[in-house]
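Undergrad: Quick one: sequence plus predicted model below, questions after.
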Amino acid sequence: MARLTVIRGGRLIDPDQGLDLIADLWLEGSRVVGLEPPPGAVPDKIIDATGLLVTPGLIDIHVHLREPGNEEDETIATGADAALAGGWTTIVSMPNTRPPIDTPAAVEFVILQAKRAGKAQVLPSACVSKNRAGEELAELGKLYEAGAVAFTDDGAPVSHAGLMRRALEYSKMFDVPIYQHCQVMELTVGGLMNEGDVSLRLGLPGMPPVAEEIMVARDIMLAELTGGHVHIQHLSTARSVELVREGKKRGIRVTAEACPHHISLTDENLATFDSNFKMNPPLRTARDVEAVIQGLIDGTIDLIATDHAPHAPEKKNRELDQAPFGILGLETMMPIVRSSLIEPGLLTWPEVIAKLTIEPAKLIRRQQYKGHLRPGADADVTLIDPDRAWTIDTAGFRSKSINTPYQGWNVKGRAVGTIVSGELRYMLDPHRETVMV
Ligand code: DOR
Ligand code: ZN
């Protein structure tokens, strides 16, 4: 018999099954057994989850690992390790590496490196266009066969409408969505931050919200035309939320994600001129933040993803105009989501957990085995201490980079245990800043 684990006495939250109760959870090998033990079972391992939330393993569908090519920022191993510390059991890697992930061999390389690391599971996404150049469609069928769970040129948009149309048409054959980074490049040349009152005041070049919104509108229309599935990455403006809402009403196959930074920070933060507030799309206005949160509440925005974008200090700690776009996300999501959504009473824990588990599982078409704790599901489980107080400190980060805007924040809520495929791969001491596993 495979190894039996019981997670005792936690608050079991499984939104897919509508479960929210104090219960035990039994795992056998790499599968979930359920809330009751198999007959005559004696557990090999007991994990005490008293006072903790026990949830399906969290899935982050938007993570930049920098391997191959920029291992000074992050590697597949360090990123997958940072994921464990954030409570993520599965992450989807972005293909904007050097070279980009646009061949079956490159997809296989990511899968192999992730297996070797033995941390969080990594499912690769692959490029829409060859070399991410936006000109020629990559061989989507072969990339899919090699294991790509999504296609995206993220970091840049698929600007060419004809190419986007063909990508949406073609990807329908494998039922894989096209993730789009929505940005009309001609409108954002030289931009460092959101274009608006604050950029005017600070004298910094801006990126207008319409640069995002025009492409959101275009791609929803292309999804309608083709019947393909477009997924809007890191949606950040009020109008984008409206457009997705309307698209969904019309029955178009559009989904969307929001990032923790877009619901917790605004363009006012750029007054510090700190490059850790620089990412793309940029921090928007308080009104946009409210609208994005409203989109999460009413289901217009399906899920939360981090856009974890590590950059080594020697690159990121430069003048605002020289520094690259992007901030870390894996190890800070939980407390930020707690303070932005749960503490003010906007969403409940089960509602938030749905956007971190079953919703992303559906997007990567893994809902049969992932995103829930039904009998037979993958034994991926996250343990969360919902009220644990801690101070965000890059000194303890597992990521290779330290580019977070949340350094020094006193926060509450933390993943304290991460079980992947039935193995406890991360566990924090209940009382100390000490990692036990
Ligand atoms: O801020 C960002 N950083 N936005 C992107 O779209 C790409 C990412 C990166 O790769 O650093
Ligand atoms: Zn992006």
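TA: Sure, I can see it. Predicted, not measured: the structure shown is a model, and the values here were computed from it. Ligands and ions are numbered 1, 2, ... in the order given.
Undergrad: Direction included, what does whichever strand or helix holds Gly9 pair against?
TA: Here Gly9 sits within strand 4-14, counting by DSSP states H and E. Looking at strand 4-14 with DSSP bridges, its partner strands are strand 19-28 (antiparallel), strand 45-48 (parallel), strand 53-56 (parallel).
Undergrad: Asp378: which of those strands is closest?
TA: strand 53-56 (8.9 Å; Cβ to Cβ). (Each C-beta comes from the backbone N, C-alpha and C, glycine too.)
Undergrad: Name the next helix or strand downstream of that closest one, please.
TA: strand 58-63.
Undergrad: Extract the C-alpha set from that next one and format it as PDB.
TA: Listed next in PDB are the C-alpha coordinates belonging to strand 58-63 (Å, rounded to 0.1, in the frame of the first residue of the first chain):
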ATOM      1  CA  LEU A  58      -2.600  26.800  -5.200                       C
ATOM      2  CA  ILE A  59      -2.000  27.200  -9.000                       C
ATOM      3  CA  ASP A  60      -0.300  30.300 -10.300                       C
ATOM      4  CA  ILE A  61      -0.700  30.500 -14.100                       C
ATOM      5  CA  HIS A  62       1.600  33.500 -14.700                       C
ATOM      6  CA  VAL A  63       5.200  33.000 -13.500                       C
END
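Undergrad: Show me what that strand packs onto, helices and strands only.
TA: helix 76-86, strand 88-93, helix 358-363 (3 or more Cβ pairs under 8 Å, 6 or more residues apart in numbering; DSSP states H and E).
Undergrad: if we go to 7 Å?
TA: strand 88-93, helix 358-363 (3 or more Cβ pairs under 7 Å, 6 or more residues apart in numbering; DSSP states H and E).
Undergrad: I'd like the distance from that strand to the chain centre, please.
TA: 3 Å (Cα atoms, centre = their mean, to the nearest Å).
Undergrad: Which residue comes closest to the most centrally placed residue in the chain once chain neighbours are left out?
TA: Computing the C-alpha centroid of the chain and ranking residues by Cα atoms, centre = their mean puts Ala305 first, at 2.6 Å. In this structure, Ala305 finds its nearest non-sequential neighbour in His62, 3.7 Å apart by Cβ to Cβ, 6 or more residues apart in numbering.
Undergrad: now Ala77
TA: Ala117 (3.7 Å).
Undergrad: gap between that neighbour and ligand 1?
TA: 20 Å (Cβ to the nearest ligand atom, to the nearest Å).
Undergrad: just Leu27 next, same as before
TA: 35 Å.
Undergrad: ok, now which ones touch that residue?
TA: 5, 33, 379, 422 (Cβ atoms under 7 Å, 6 or more residues apart in numbering).
Undergrad: May I ask which of the residues you listed has the most neighbours?
TA: Ala379 (25 neighbours; other Cβ atoms under 10 Å).
Undergrad: need the helices for the chain, in chain order.
TA: For the chain, applying DSSP state H gives helices covering 76-86, 104-117, 140-146, 161-171, 197-202, 209-226, 238-249, 286-298, 313-316, 333-337, 349-354, 358-363.
Undergrad: Can you check which of those helices gets nearest to Pro405?
TA: Of the helices of the chain, nearest to Pro405 by Cβ to Cβ is helix 333-337, at 9.9 Å.
Undergrad: From the contact counts, what lies against that closest one?
TA: strand 410-420.
Undergrad: is any part of stretch 304-317 close to ligand 2?
TA: No - residues of stretch 304-317 are not located near ligand 2 by Cβ under 5 Å from the ion, the shortest gap being 6.2 Å.
Undergrad: tell me which residues in that stretch are buried?
TA: 304-312, 315-316 (16 or more other Cβ atoms under 10 Å).
Undergrad: contacting residues around the one residue in the stretch 51-200 of the chain that gets nearest to ligand 1?
TA: Using Cβ to the nearest ligand atom, the single residue of the stretch 51-200 of the chain nearest to ligand 1 is Gly155, 3.9 Å away. Listed by Cβ under 7 Å, 6+ apart, the contact partners of Gly155 are 96, 181.
Undergrad: again, but for the one 10 residues further on
TA: Listed by Cβ under 7 Å, 6+ apart, the contact set of Arg165 reads 222, 225-226.
Undergrad: If we only consider those, which is nearest to ligand 1?
TA: Leu222 (20.0 Å).
Undergrad: Give me the distance between that closest one and His160.
TA: 11 Å (Cβ to Cβ, to the nearest Å).
Undergrad: same check, this time on Ala126
TA: Relative to His160, and taking Cβ to Cβ, Ala126 is found at 18 Å.
Undergrad: neighbour count winner among those two?
TA: Using other Cβ under 10 Å as the criterion, Ala126 and His160 rank with Ala126 on top: 30 against 15.
Undergrad: was I right about the more buried one contacting Val107?
TA: Yes - Ala126 lies in contact with Val107 (Cβ atoms under 7 Å); the separation is 5.5 Å.
Undergrad: Overlap in contacts, those two.
TA: Joint contacts of Ala126 and Val107 (Cβ under 7 Å, 6+ apart) are 101, 143, 148.
Undergrad: can you put the residues you listed in TSV and add distance to Met215?
TA: As requested, those are exported to TSV (distance: Cβ to Cβ, whole Å):
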residue	distance to Met215
Ile101	22
Leu143	23
Ala148	22
